[in-house]
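**Q** Curious how this folds, go ahead:
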Amino acid sequence: MVRNGIDCLEKQDALLRGKRLGLITSVSGVNRSLRSTIDLLHEKYRLTALFAPEHGVRGNVEAGGIVEDDTDGATGIPVYSLYRKDSKQMREEMLEGIDALVYDIQDLGVRYYTFISTMYYAMQACEKTGTEMIVLDRQNPLGGKVEGNLLKKGWESFVGIWSVCMRYGLTAGELAGMIYGESGWHFPLSVIRAEGWRHDMLFPETGNLWVMPSMGIPRFETALVYPGTCLFEGTNLSEGRGTTAPFEMIGAPYVNGRELSEFMNGQKLPGVLFRPVYFTPSASKHRGEFCQGVFLHVTDPAEYRSVDTGVTLLFALRRLYPEDFAFLPPVREGGRSGIELLLGGENCLDGSASLEQVLSGFYRDSAEFEKRKKQYHLYG
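**A** Predicted coordinates:
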């Protein structure tokens, strides 16, 4: 059974004892018994401040919802927002009165999941102030497999802050080590390692209970498809938000579910089958509209390639419904579109390159990153 960093505190007590601690965490910050890291550190150490990423420290804010400064109702500890309307960065003055900043969030190992951007900005603030940072490491639920393209220099955003692949195959602690090493930073950084985890493990093998890291990722199966189907957030198709299976089903009012599922099953993609699905989202895109589409059933998690599947599905929808399919425009005039932010570069999915050309480029990036990341591995 895998024991995450929070479950190994007894071996690292000296690292935390006697220090004024700040904590970045969310609803997934719990130990094996599902006790909150907030409560555990508050009881045992001197926890003086909480810092809230997207969704808030207790997971009570919807996706994209602005997080306000607050006071934690259970402990009375002040909460400072790292997901404000004006900025997502940690201000240097937030670290005043703190000896060490602790990070404990269950991540997915996916570039566009925003918690790693919050971690990056926190590390940046620690470098400026010389504040110690301690990462309570956790399993990567998707294991060590690498998929997708590398974010290009100059295309950094809150949904892509570092040059890693879409599915990057590192734990949060390993990624922190990569960012630290490649940035040439010098602030004190420690990682309290997970015990029993290996890069060849997927979440069901860890023996741990699934805690939703956000409401949009209710199950491990959702996390498994997310690296590929999250790309549909940049299109006019519903990615299943406002249903009970976000990211596991993709559709729109203009799609014929039977036609699409037959086409996708004909592609013989490894580890996945497609079923026609019919739904009416209660929120987000196509709210209140009847949609058809496909449900992705992963039959072999070890063989399944999420990014390949998501990109192949996107190309299929462009081919079958050329008059209806569209990429969403930028939210702000003159800004980058959602698909560009997710891709971390120009939109290579717009038909300017074939499916084979796109995937070949992704494979080259993945192979390059696979070599680059190995020096930062903390686990076998």
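**Q** packing partners for the worst-scoring helix or strand of the chain on mean pLDDT?
**A** When each helix and strand of the chain is scored by mean pLDDT, DSSP states H and E, strand 70-71 comes last, with a mean of 92. Using 3 or more C-beta pairs under 8 Å, 6 or more residues apart in numbering; DSSP states H and E, the elements in contact with strand 70-71 are strand 78-81. Every C-beta, even on glycine, is put in place using the N, C-alpha and C of the backbone.
**Q** Name the strands paired with the strand it packs on and say parallel or antiparallel.
**A** Within its sheet, and counting by DSSP bridges, strand 78-81 is paired with strand 46-52 (parallel), strand 70-71 (antiparallel).
**Q** CA atoms only: put that strand into PDB for me.
**A** Output of strand 78-81 as PDB, limited to C-alpha atoms (Å, rounded to 0.1, in the frame of the first residue of the first chain):
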ATOM      1  CA  PRO A  78      -6.600  32.900   8.100                       C
ATOM      2  CA  VAL A  79      -6.900  31.800   4.400                       C
ATOM      3  CA  TYR A  80      -5.200  33.800   1.700                       C
ATOM      4  CA  SER A  81      -6.400  33.300  -1.900                       C
END
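**Q** List the buried residues of it.
**A** Neighbour counts using 16 or more other C-beta atoms under 10 Å place 79-81 of strand 78-81 among the buried residues.
**Q** and if you look at stretch 243-250?
**A** In terms of neighbour count (16+ other C-beta under 10 Å), stretch 243-250 has its buried residues at 243, 245-250.
**Q** same deal with stretch 22-40?
**A** In terms of neighbour count (16+ other C-beta under 10 Å), stretch 22-40 has its buried residues at 22-31, 36-40.
**Q** From the residues you listed, which land in strands?
**A** Judged by DSSP state E, strands contain the following of the buried residues of stretch 22-40: 22-25.
**Q** for the stretch 51-200 of the chain, what spans make up the helices?
**A** If DSSP state H, counting those that start in this stretch is used as the criterion, the helices of the stretch 51-200 of the chain fall at 115-129, 172-183.
**Q** buried set for the strand or helix carrying residue 295?
**A** Residue 295 belongs to strand 291-298 when assigned by DSSP states H and E. Residues of strand 291-298 classed as buried by neighbour count (16+ other C-beta under 10 Å): 291-296, 298.
**Q** can you give me how far it is from the chain middle?
**A** Centroid displacement of strand 291-298 relative to its chain, using C-alpha atoms, centre = their mean, to the nearest Å, is 22 Å.
**Q** Stretch 139-148 now?
**A** Chain-centre distance of stretch 139-148: 11 Å, with C-alpha atoms, centre = their mean.
**Q** Also stretch 126-143?
**A** 15 Å.
**Q** Show me what stretch 326-344 is in contact with.
**A** 111-112, 149-152, 155-157, 159-160, 230-231, 233-236, 346-347, 349-350 (C-beta atoms under 8 Å, 6 or more residues apart in numbering).
**Q** Give me the mean pLDDT for stretch 250-258.
**A** Regarding stretch 250-258, the rounded mean pLDDT is 98.
**Q** Ok, stretch 227-234 next?
**A** 98.
**Q** got it, and stretch 271-281?
**A** Stretch 271-281 shows a mean pLDDT of 98.
**Q** again with stretch 135-143
**A** For stretch 135-143, mean pLDDT rounds to 98.
**Q** thinking again about what came up before, so which of the strands paired with strand 78-81 is nearest residue 103?
**A** Comparison of the strands paired with strand 78-81 against residue 103 by C-beta to C-beta identifies strand 46-52 as nearest, at 9.0 Å.
**Q** What is the nearest of the buried residues of stretch 22-40 to residue 273?
**A** For the buried residues of stretch 22-40, the nearest to residue 273 is residue 28 (29.3 Å; C-beta to C-beta).
**Q** Would you mark the buried spots in the helix ranked longest in the chain?
**A** Longest helix in the chain by number of residues (criterion: DSSP state H): helix 355-373. Neighbour counts over helix 355-373 (16+ other C-beta under 10 Å) mark 355, 358-359, 362, 365-366, 369, 372-373 as buried.
**Q** same thing with stretch 67-78?
**A** For stretch 67-78, burial by neighbour count (16+ other C-beta under 10 Å) applies to 67, 70, 72, 75, 77.
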